[in-house]
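Participant: With the input below, show me the fold.
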Amino acid sequence: MTLIELLLAVVIVGILGAIAYPSYTNHVMKAHRVNALADMTKIQLELETLYTGDYESAAQGIISAGTCSFCDTDTSRYTLAISASSTTYIIQAEPHAPQTNDDCLDSTTDILELHHSGISEPEACWK
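Facilitator: Below you'll find the predicted structure:
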């Protein structure tokens, strides 16, 4: 193998790496987001299962210090929270770096939300 062939191989590997790395990081970010969305849905199912006329009492004990005992979300990527009253609830997942660079999040809505009525925000993240 000549020096020119070796340099050509290094250039090709460099170009492939430059193309593949951003795609890989986007895939990892989306995988963590999907995991958080799935856990938010698990929390919603648990809230509905424990509901006895008051969502506030049903929400107690599901999330402690931003973590959920039956959830798979990486706490270094998202912090989960429930805001509940007697008749409503909002489940939130607040992203942490590097999830804050997710393309589906915008500057006005940088937290994933799932409402008791089925509304999910931001809409682009739930597609």
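Participant: In this structure, where's the longest helix?
Facilitator: Within the chain, and with DSSP state H defining each element, the longest helix by residue count is helix 3-50.
Participant: which parts of stretch 112-124 are buried?
Facilitator: Neighbour-count burial for stretch 112-124 flags 112-114, 116, 120, 122 (criterion: 16 or more other Cβ atoms under 10 Å). Where you see a C-beta, it was placed from the backbone N, CA and C, and this is true even at glycine.
Participant: What's the end-to-end length of that stretch?
Facilitator: With Cα to Cα, to the nearest Å as the measure, stretch 112-124 spans 10 Å from end to end.
Participant: that older thread, looking at the buried residues of stretch 112-124, which are in strands?
Facilitator: 112-114, 120 (DSSP state E).
Participant: And the residue nearest the centre of the chain, what's its pLDDT?
Facilitator: What sits nearest the mean C-alpha location of the chain, by Cα atoms, centre = their mean, is residue 33, with 2.7 Å. Confidence at residue 33, expressed as pLDDT, is 94.
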